[in-house]
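[1] No sequence on hand, only this structure:
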Ligand code: BGC
């Protein structure tokens, strides 16, 4: 029997895709839905509309697709505005519907991970201020308690909040998302409320479900200094301690420390994580630049090599460096000493030219981290199907799906990356054959010992078996 080299992930590793309610369900009357109605807020003034019609029932066929790709887990989110359309009024139909979705995942052999907040809010929340309102943490806790009471028999794997720093930055500093606030201290207040909300949710979940596995999803950016000048390193540190680490350290220490602001003590948040999610997409170059006073003279840009590489990504998307996933995992583990899940990783790529290589290099990087004994336990690809990409709407340049969606007909077509992901999940890793089939240019980089594989196959009579180079 020929055994080719394989980068094997540990037994029990979770493989899945990630989605968010508003991006796939359609018809959510939440703060994003209101925001989308204003001209200029979304690409070509599009609205989420029916999205991928999950609420109408298409989640069933899409869960079949995920199961067919050998996914053994799936990350979805529940929409607060559906479950609690008015303060304290629970929508029984929506609760039952989500419960049915979780059961549908389980019936297909997929462990559900449920995100409780993924960028959207009920219309009534905080009136027009959203998370600036100091009542929100308690209200979020009440909502979470309801969800766990109703769905706890189908799920015990909870992700409280998706990317709090992205939320605070885009919604309250840049103001490009609802409620469109542009104020640094407002963002800090939102962050403190999110830390409090996470803590309340964590304690509520544990009270109802002591065995629950509770974490949150952190957005990680790989940062490099612009040039070698020492003050650019300082800029990198400042951005890193805000974007990458402020939230997780607040949950480790019970103190929220944001550069340039007074620390906020939130003792009830200390130690409220069972695991941590990493969502790594991009790398940026960071440096001091006197032309940018509004961002405290710190400027962030696509790295020069990424520009020179000629790899086409949408405007404002940073550089792609999939092998830096290892660094993210290592860094987060050293700070937090917790089990890690990659809760999102993906690339905007409508033609599927970049995605296969990107996915392969990312999985290799995750495998490398597992081989350093960093406790990385699962990987969720962003995303299963093309969907509503927030301010970018349905702009095809922002198609992240393993499946392409035609939003006129709702037809789904697998991209080659779906076949690749199926093979990765089935193998619980990455074999030389998989790499050779989907990204042959990476074969010798990934598996130097397999160098002769392709040539041997091409040479007449040269079909010698590849060496066994399994690494466990
Ligand atoms: C978010 C997703 C988003 C994805 C791609 C992540 O930051 O959690 O909602 O679609 O990035 O931009």
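    Now that the structure is in, tell me what you want to look at. Values in this document were obtained by computation on a predicted structure and should not be read as measured data. Numbers count the residues shown, from 1 in each chain.

[2] what about the residue nearest the centre of the chain, distance to residue 248?
    Residue closest to the average C-alpha location in the chain (CA atoms, centre = their mean): residue 344, at 2.8 Å. Residue 344 sits 16 Å away from residue 248, going by CB to CB, to the nearest Å. Every C-beta, even on glycine, is put in place using the N, C-alpha and C of the backbone.

[3] So which bits of the stretch 351-472 of the chain are right by the ligand?
    Residues of the stretch 351-472 of the chain that fall close to the ligand, judged by CB under 6 Å from any ligand atom: 382, 389, 400.

[4] Quick check: residues of the chain near the ligand?
    Within the chain, the positions near the ligand by CB under 6 Å from any ligand atom are 20, 162, 163, 166, 219, 279, 344, 382, 389, 400.

[5] give me that answer again for 5 Å
    residue 20 (CB under 5 Å from any ligand atom).

[6] Surely the residue nearest to the centre of the chain and residue 20 touch.
    No: Residue 344 lies out of contact with residue 20 (CB atoms under 8 Å); the separation is 9.6 Å.

[7] okay, the residues of the stretch 351-472 of the chain next to the ligand in JSON lines with neighbour count next?
    Converted to JSON lines, these look like this (neighbours: other CB atoms under 10 Å):
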{"residue": "382", "neighbour count": "22"}
{"residue": "389", "neighbour count": "22"}
{"residue": "400", "neighbour count": "23"}
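
[8] wait, what's in contact with the closest residue to residue 246 other than its chain neighbours?
    Leaving aside its chain neighbours, residue 246 sits nearest to residue 258 (5.5 Å; criterion: CB to CB, 6 or more residues apart in numbering). Counting by CB atoms under 8 Å, 6 or more residues apart in numbering, residue 258 makes contact with 188, 191, 242, 246.

[9] show me where pLDDT drops low in this protein?
    Segments of the chain classed as low confidence (criterion: pLDDT under 70) are 1-3, 296, 451-472.

[10] mind redoing it with 80?
    1-4, 227-229, 290, 293-297, 450-472 (pLDDT under 80).

[11] Could I get the buried residue list for stretch 87-96?
    90, 94, 95 (16 or more other CB atoms under 10 Å).

[12] List the neighbours of that stretch that are in contact with it.
    By CB under 8 Å, 6+ apart, stretch 87-96 touches 79, 82, 83, 84, 85, 124, 139, 142, 146, 147, 150, 151.

[13] Go ahead and build a PyMOL selection from the buried members of those.
    Under the burial definition 16+ other CB under 10 Å, those of those that qualify are selected in PyMOL by:
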select buried, resi 79+82+83+84+85+139+142+146+147+150+151
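
[14] Find the pair from the contacts of stretch 87-96 with maximum spatial separation.
    By the measure CB to CB, 124 and 151 form the most distant pair in the contacts of stretch 87-96, at 22.3 Å.

[15] the longest helix in the protein is where?
    Identified as the longest helix of the chain according to DSSP state H is helix 184-208.

[16] Other residues contacting the helix or strand where residue 34 lies?
    For residue 34, the host element (DSSP states H and E) is helix 31-36. Here helix 31-36 makes contact (CB under 8 Å, 6+ apart) with 22, 41-42, 46-48, 81, 119-123, 125, 130, 177-180, 390.

[17] Kindly recompute the last result at 6 Å.
    Helix 31-36 is contacted from outside by 22, 41, 42, 47, 120, 121, 178, using CB atoms under 6 Å, 6 or more residues apart in numbering.

[18] Kindly indicate which of these lies nearest the ligand.
    In terms of CB to the nearest ligand atom, no member of these lies closer to the ligand than residue 22, at 8.5 Å.
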